[in-house]
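J.: just to be clear, the model below is a prediction. Sequence and coordinates:
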Amino acid sequence: MIPYGRQDISEADIAAVVEVLRSDFLTQGPVVPRFEAAVAGQCGAAHGVAVNSATSALHIACMALDLGPGDILWTVPNTFVASANVGVYCGADVDFVDTDPDTYVMSVPALEVKLVQAEAAGHLPKIVMPVHFAGQSADMAAIGALAGRYGFSVIEDASHAIGARYRDRPVGNCAHSDICVFSFHPVKIITTAEGGLATTNNPELATRMELHRSHGITRDPARMAGDSEGGWYYQMVDLGYNYRMTEMQAALGLSQMDRLDAFVARRNELAACYNRRLADLPLTRPAQHPESYSSYHLYPIQVADRARVFADLRQAGIGVNVHYIPVHMQPYWASRSFTEGDFPNAEQYYAHAISIPLYAGLNEEDQDVVIAALASALG
C-alpha cells in the first residue's frame, strides 16, 4: 500500500533521540527551548511555545486570549474537528465561516458578510481561526484587516503549513495574527511523533501559554501572589493542563528542522508533477493563490464519483484518504443546531474530495503507480 502520507526518519533523527535518552533530562530539559527557538526563528516570530499536540496548542492559545463562556469562536468547516472543539473546551460558542471554492481555505467575502450580520445582531466573535488547509495560507492580510475593524483576535491554525509562505514571508510570523499553531503529527511536514507549537510576537501571550501548558504553575516571583518562600517554591496561579512536550519529541523535531526546506521543496516538486500529469484527467486539481507558497501537506483532488474512485484506488493499493468531513456535519456538531446546507462550499468540496499520496519520501516510481491507478479508476 502506498500511503497518502508518512514520516521521513533519518539516522540523524534517531541519533538525536538516543542522545536525549542517554542524558539527564527526558522532559523539561534544554532541548525543548532549543526546538522552540528553532521554529520561532524559522518563522520570524519572537516566541515559540511547544506542547504535546497541535490540539493542545490551539487550546492554550484560546485560553491565553481569554476565550470563555459568553464568547464566540469562528473557524471553517473544512478542518479537523480540533479547530472547533477547542472553543467548546473553553466554554465558548462556536460557529463556522464557509470556504473559498477554489483554495478550500476561509472565504474572506463570506467572513465579511458574516461579520456585518454579527455586528448588527451584537454577536461578533472574540476569536477567528482561519485554517491553512493542505499547506496553503488563508488570506491573512485581509483577515487581519477585518480583525482591526471588528475587534476580534486571530489564531492561525497552520497545522498543515510549517515551511509554507504567504506574501513571501514564512507562515507563523504572526504579522496578521495574534498566535499561529503548527502540528508535528507523523504525516505532517516534520514530526515530533506527536506535538504542536504556538508562535507569537506578544510576550504576555507567550508567558500565558507557557503557564497553561504546565498546570498553571509558576516559579517566577513576579507572577506569584505574595513572596516566594525559597528556591523550592512554586505557585499554581491559574488553572492549566499537563500539555508539556518531552525532550525526546523536541530532539526529533529539532533534527527534522534541518530538513524542513528540503521536505517542502520535494513536496512542491511532486505536486508540480501531479499538476502536469493529471491535467487531462476528469478531475479538479487544487488551486494555488499567487501570494501563497504551499507546504503541500496534502494534494486534494475532486472527482465526480468519489466513492467508486476511492474504492478502486484502495483496491489498487493506493492509500488515499478524505480531508475533511465538514465539522458541522459530525453528529456532535449537528446536535448543536448545525445542518447540511449551512456551508455549501465546504460541503460541495467534501462530496468530491480525495487526498492522493504526497510525502517527501514518495519516489517517482510510486508516483507513476498512483497516477496510473487514478487514470484507470477515472477511465
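T.: Nice, I can see it. Numbers count the residues shown, from 1 in each chain.
J.: buried set for the lengthiest helix in the chain?
T.: For the chain, the helix with the greatest residue count under DSSP state H is helix 260-277. Residues of helix 260-277 classed as buried by neighbour count (16 or more other C-beta atoms under 10 Å): 260, 263-264, 266-268, 270-271, 274, 277. Every C-beta, even on glycine, is put in place using the N, C-alpha and C of the backbone.
J.: what is the nearest of these to Cys90?
T.: Of all those, Cys90 sits closest to Leu260, with 31.1 Å by C-beta to C-beta.
J.: quick check: closest non-adjacent residue to that closest one.
T.: Take Leu260 and drop its neighbours on the chain: the residue closest to it by C-beta to C-beta, 6 or more residues apart in numbering is Gly163, 5.0 Å away.
J.: again, but for Tyr234
T.: Leaving aside its sequence neighbours, Tyr234 sits nearest to Arg219 (C-beta to C-beta, 6+ apart; 4.8 Å).
J.: what distance do you get for the one you found to Ile179?
T.: 24 Å (C-beta to C-beta, to the nearest Å).
J.: how about Met63?
T.: Counting by C-beta to C-beta, the gap from Met63 to Ile179 is 11 Å.
J.: so what sits against both of these two?
T.: With C-beta atoms under 8 Å, 6 or more residues apart in numbering applied, the overlap between the contact sets of Met63 and Ile179 consists of Met209.
J.: higher neighbour count, these two?
T.: Neighbour count, other C-beta atoms under 10 Å: between Met63 and Ile179, Ile179 has more, with 31 against 23.
J.: next, the contact list for the residue lying closest to the more buried one once chain neighbours are set aside, please.
T.: The shortest distance from Ile179 to any non-neighbouring residue, by C-beta to C-beta, 6+ apart, is to Ala61 (4.4 Å). Listed by C-beta under 8 Å, 6+ apart, the contact set of Ala61 reads 86, 155, 178-179, 181, 198, 205, 209.
J.: quick check: next helix or strand after the helix or strand containing Ala61?
T.: Using DSSP states H and E, the element containing Ala61 is helix 54-64. Going down the chain from helix 54-64, the next helix or strand is strand 72-75, by DSSP H and E.
J.: got the buried residues for that following strand?
T.: 72-75.
J.: roughly how far does the residue of the chain positioned farthest from its centre sit from Thr207?
T.: No residue in the chain sits farther from the centre than Glu229, which is 41.3 Å out by C-alpha atoms, centre = their mean. Per C-beta to C-beta, Glu229 is found 22 Å from Thr207.
J.: over to Tyr349?
T.: 39 Å.
J.: neighbour count: those two, which is higher?
T.: Using other C-beta under 10 Å as the criterion, Tyr349 and Thr207 rank with Tyr349 on top: 24 against 17.
J.: once you drop chain neighbours, what's closest to the more buried one?
T.: The shortest distance from Tyr349 to any non-neighbouring residue, by C-beta to C-beta, 6+ apart, is to Tyr104 (5.7 Å).
J.: quick one, helices of the stretch 1-150 of the chain?
T.: For the stretch 1-150 of the chain, the helices defined by DSSP state H, counting those that start in this stretch occupy 11-21, 31-43, 54-64, 82-89, 108-121, 140-150.
J.: looking at these, which is nearest to Ala360?
T.: helix 11-21 (12.9 Å).
J.: helix 31-43 and that closest one, what's the angle between them?
T.: Inter-element angle recorded for helix 11-21 and helix 31-43: 140 degrees (by axes from the mean of the first three to the mean of the last three C-alpha atoms, to 10 degrees).
J.: no further queries at this time; thank you.
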